[in-house]
Structures are given as C-alpha cells and as structure tokens.
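Colleague: quick one, structure for this:
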Amino acid sequence: MVEKEIDMSQGQPRRPQQAEDLQHAQEQPVKYGDMLDVSGELAQRRVAPRDAALLQAAEHAGHVGKAQITGPVADAGATVIEAELAGRRVVTESIGGQVVAKMVTPAPVAMTDPPGALDKDAVTIGRALEAVVAMEGDRTVDQSDAAAIQVAETCATGSHATIPGGVAAAAQSAADQNALALRDEDKVKLRNVLSNARERLPADKGATREDVERVVSAEIRNKLDMTTTPGGVADAVTTAARLNQERPRP
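Modeller: Predicted structure coming up:
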C-alpha cells in the first residue's frame, strides 16, 4: 500500500519556509523503496505516477480485480490481482513483477436478503464461536484471535464495551498470558475460552455479511501475514453467515 503522499495542492499561500521545504521535497524523487517493502533494483527506481495512482485507487477501493485494469494503467507495472482459491479470496499487489503485499480472507458471503433479515433459527455468532472449538480448540489463543473475538462479541451484543467475564475479556487475558508463557503447557487454548461462548454472551444474534467483514478485518489486522486462520474465528463467522444466507425462506 502507498504510505507516502506528496502534497500536490495548488493555489494556497505558503510561508517562505514552507515553500522552501516543499521545493526541497519535490527535488527528491520518490522511490518504490520509500513506500513499499521491496528490495534490489526495484527499490531504487523512481515511482511512476500511474503506479502510485493505481495503488492508491486499489487501497481506497479495498481491492481491484485484474480484469478491471485496462489500457495504459495495466501496462504501467503495477497490478492488483484478486482470485478465489479453495474457498478463500487472495488479493495480491505487485510492482514490476515483485509481490509487495498479499491478503488472504474467506470468500465473501453473497447477500441474498437484507442483512439482519434472519429468522429465529439462524446460526448465531455465539454458536459460530463455539464451533471454533471443534476445529481449532487445541490451538493457543493469540492476539489475532482476541481481536476477532472482541469484534464478534460487539456484533452479537451491540455493545462496544468489553463485558466483564465475557468471551472477549477471557480471550484478551488468554492472549496476554500466552505471550508471556515460556512453556506450551502453560498457554491457554481456544477451547478454554470459547467452549461456553453462548453462556458468556448477554445477547446473541444471527451472523450476517456485515459481521463477517468486521470480524475478518479485525483478525487479519493483527496477523503479520494478513491472512485469516483456517477453522478460526473469522472462518467460523463466515460459515455461519453463509448458512444463514442460504437458508430456505418460507
């Protein structure tokens, strides 16, 4: 993602020092290595304006499919490719053939009804959290799990405050403890936190696509590889929302 921007605004008065600083900055070419995690010859190359514009557009939109990139921009050297592989969405950004960013998330849930138009038999967020135990119950709790569980609790209850004794509080405590534990046997596992998730939630509701987007975002923001964990919290909420969307309507 583009992390460095140049102020190109015009027509606004500037003090002499500001103008001097701006002139000095403009005299220094912005290189790919200044903005992206790249190395070698590419890092020393000056950023092509079209590359910067393309990456900024992709960042603002969330992602851009390769088929949408046409004309001169497609030949500028920057590409953002989206693909669905084995039920997971993979978005890859590259410059000059060198991959600079990759994000892997569950495939998006297709919305067939308005979010929240779910009946009383819908798969709830609490049930989704408990389902994680069957898939990943023996895995130790980390910060990405705690973040995803925190957002899941918020979605289920509608409250942004951490509930004392709730699943989010338990997950964060477990993640903090595990970060300091020296032995694996001293670490708290997901089953210790989520096995009775519905009992710890003062309110619950059916999982929707909007919930999926929030939980996935929380999980990947707290992982270096920007991917969701197969069988983890984001995957479970995604599955619940998909089942709710596919549920036959009377």
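Colleague: which parts of the chain belong to which domain?
Modeller: Annotated domains of the chain cover 16-106, 125-246 [automatic domain parsing].
Colleague: quickly, which of the ones you listed bottoms out on average pLDDT?
Modeller: Out of those, the stretch the model trusts least by mean pLDDT is domain 16-106, with a mean of 55.
Colleague: can you give me the strands for the chain?
Modeller: In the chain, the strands defined using DSSP state E lie at 78-85, 88-95, 98-106.
Colleague: so where do the helices sit in the protein?
Modeller: For the chain, the helices defined by DSSP state H occupy 16-27, 32-35, 41-44, 49-61, 71-74, 125-136, 143-157, 167-180, 190-194, 197-200, 209-221, 233-246.
Colleague: tilt between the last one and helix 209-221?
Modeller: Spelled out, it's helix 233-246. Orientation note: helix 233-246 sits at an angle of 160 degrees relative to helix 209-221 (axes from the mean of the first three to the mean of the last three C-alpha atoms, to 10 degrees).
Colleague: and Ala175, what does it touch?
Modeller: Residues counted as contacts of Ala175 (C-beta atoms under 8 Å, 6 or more residues apart in numbering) are Val141, Asp142, Gln143, Asp145, Ala146. C-beta here means a position set from N, CA and C on the backbone, and glycine is covered the same way.
Colleague: and the furthest pair within these?
Modeller: Val141 and Gln143 (8.6 Å; C-beta to C-beta).
Colleague: more neighbours, these two?
Modeller: Remark: of Val141 and Gln143, Val141 carries more neighbours, 27 against 17, as counted by other C-beta atoms under 10 Å.
Colleague: where's that one relative to Arg127, distance?
Modeller: Plainly put, Val141 is 19 Å away from Arg127 if you go by C-beta to C-beta, to the nearest Å.
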